[in-house]
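Engineer: A structural model of the following input is requested.
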Amino acid sequence: MPKGRLEAFTDGVMAIIITIMVLELKVPDGFELNSLLPVVPKLLIYLLSFVFVGIYWMNHHHMVHTAQKVTGGILWANLSLLFWLSLFPFVARWMGENLLRPLPSAAYGFILFMSGISYLILQRSIIASDGDNSALKKAVGNDWKGKVTSLLIVLGVIFSFIQAGLSLIIYVLITIIWMIPDRRIEKVLISEGDQ
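Structural biologist: Have a look, this model is predicted:
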């Protein structure tokens, strides 16, 4: 399968995920500024979730760009990632309607964690497919960002049951970490293109 088909399918699914999330937002019952107050938590969780899906979309694009070929294992790993990301509308709505409640906050973190694990599996599948000279393997190295993120998500889930506000702060911190451009893959692709 050409990489373009994998990317196009993934782009389509992620666009649908974002669309479903925004459709979950309900119009306020009034027309005055204070009528927006009940929907503010939902809007904030939508924004957080939109950024998470966007981060996965951008990093997925860069990662798949390094792949030399698409194997069955890569397809299954990609479907696993899309499955977990497709649960974002559900947990985003649940958390938005029950902001700072332990179980919705923990469920949100669990979906983040499983999405991260699926992304890692996809990453490892591409590296295995491309072999020892994998551009992706050179780019990710020891993947400190991935390890720090996993630890933060686990802490976020734990804090959901202690102080749910802290878990939300941790989830926002993760988006900030990943919004800082990660140029590892670009650097490797540029250096390999120069050779």
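Engineer: against residue 140, how distant is residue 40?
Structural biologist: According to CB to CB, to the nearest Å, residue 40 stands 37 Å off from residue 140. (Each C-beta comes from the backbone N, C-alpha and C, glycine too.)
Engineer: compare these two (neighbour count), which wins?
Structural biologist: Of the pair residue 40 and residue 140, residue 140 is the one with more neighbours under other CB atoms under 10 Å, namely 22 against 12.
Engineer: packing partners for the helix-or-strand element of the chain with minimal mean pLDDT?
Structural biologist: Least confident helix or strand of the chain, by mean pLDDT, DSSP states H and E, is helix 184-194 with a mean of 70. Helix 184-194 sits against helix 40-66, helix 135-140, with contacts defined as 3 or more CB pairs under 8 Å, 6 or more residues apart in numbering; DSSP states H and E.
Engineer: what does the shortest one contact?
Structural biologist: Meaning helix 135-140. If you take CB atoms under 8 Å, 6 or more residues apart in numbering as the criterion, helix 135-140 is touched by 63, 66-67, 123, 126-127, 130, 146, 184-185, 187-189, 192.
Engineer: now do 7 Å
Structural biologist: With contacts defined as CB atoms under 7 Å, 6 or more residues apart in numbering, helix 135-140 is touched by 63, 66, 123, 126, 127, 130, 184, 185, 188, 189, 192.
Engineer: so which of those wins on neighbours?
Structural biologist: Highest count within the contacts of helix 135-140 by other CB under 10 Å belongs to residue 126, 25 neighbours.
Engineer: alright, I will stop here.
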